[in-house]
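Visitor: return atomic coordinates for the entry below.
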Amino acid sequence: MSRMMMTAAVGLSLMAGPAFATGSHAGGHDEMAVGKPGKAAKASRTVKISMKETDDGRMLYEPSQIVAKKGETIRIVVTNTGETDHEFILDEMAKNAEHKKLMEKFPEMEHEDPNALRLAPGKSGEIVWTFSNPGEFEFACLIPGHYESGMHGPVKVSG
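Guide: This is a model prediction of the structure:
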């Protein structure tokens, strides 16, 4: 399938249902259940996360969880220290599950979302995020096979 056809197919699949109506994809709303993009000047701290594979085939994030307070803005610096592409997608568990199914159909899907990064080996990126609501959320790599290999972690936001 050509890149243009793939882009059109992804676009049509996104319009077909409400899976990303809360802002999980470009063109959505800025506010999501997990929060919204923050301003770097308002970040109270920086969390550094590495993404990698292990010799036994596991894929993981270090640290494996994020703890925040409602209203807190955090600068999340993500580095791919592994040998393959990885993602960091911050969202509700149910939204990540929906997105994971779409990624199984379109594994090369590109993201332009403020809550998501896809990084090649050796690359770094950052997300500045304000956690607007208390609850339990998730960060995950939704490239086919990565989630099942352990590449996900909880985000706990206290009230």
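
Visitor: now name the helix or strand holding the residue nearest the centre of the chain.
Guide: Nearest to the geometric centre of the chain sits Ile89, at 0.4 Å (Cα atoms, centre = their mean). Using DSSP states H and E, Ile89 sits within strand 86-91.

Visitor: partner strands of that strand, with direction?
Guide: strand 116-119 (antiparallel), strand 135-140 (antiparallel) (DSSP bridges).

Visitor: show me which parts of the helix or strand following that strand are buried, residue by residue.
Guide: For strand 86-91, the following helix or strand on the C-terminal side (DSSP H and E) is helix 93-105. For helix 93-105, the neighbour count (16 or more other Cβ atoms under 10 Å) marks Lys95, Asn96, Glu98, His99, Lys100, Leu102, Met103 as buried. In this view, the C-beta of every residue, glycine as well, is placed from N, C-alpha and C.

Visitor: now the angle from helix 93-105 to strand 86-91?
Guide: Angle of helix 93-105 versus strand 86-91, following axes from the mean of the first three to the mean of the last three Cα atoms, to 10 degrees, is 140 degrees.

Visitor: C-alpha coordinates for helix 93-105, CSV please?
Guide: Output in CSV follows, covering the C-alpha atoms of helix 93-105 (Å, rounded to 0.1, in the frame of the first residue of the first chain):
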residue,chain,number,x,y,z
MET,A,93,-5.9,2.4,29.6
ALA,A,94,-9.1,2.0,27.5
LYS,A,95,-7.9,4.6,24.9
ASN,A,96,-4.5,2.9,24.7
ALA,A,97,-6.3,-0.5,24.1
GLU,A,98,-8.3,1.0,21.2
HIS,A,99,-5.2,2.7,19.8
LYS,A,100,-3.3,-0.6,20.1
LYS,A,101,-5.9,-2.4,17.9
LEU,A,102,-5.5,0.3,15.3
MET,A,103,-1.7,0.0,15.4
GLU,A,104,-2.0,-3.7,14.7
LYS,A,105,-3.7,-2.8,11.4
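
Visitor: check which helices and strands that helix sits against.
Guide: Judged by 3 or more Cβ pairs under 8 Å, 6 or more residues apart in numbering; DSSP states H and E, the packing partners of helix 93-105 are helix 3-15, strand 86-91, strand 135-140.

Visitor: report the distance from that helix to the chain centre.
Guide: How far helix 93-105 lies from its chain's middle: 11 Å, per Cα atoms, centre = their mean, to the nearest Å.
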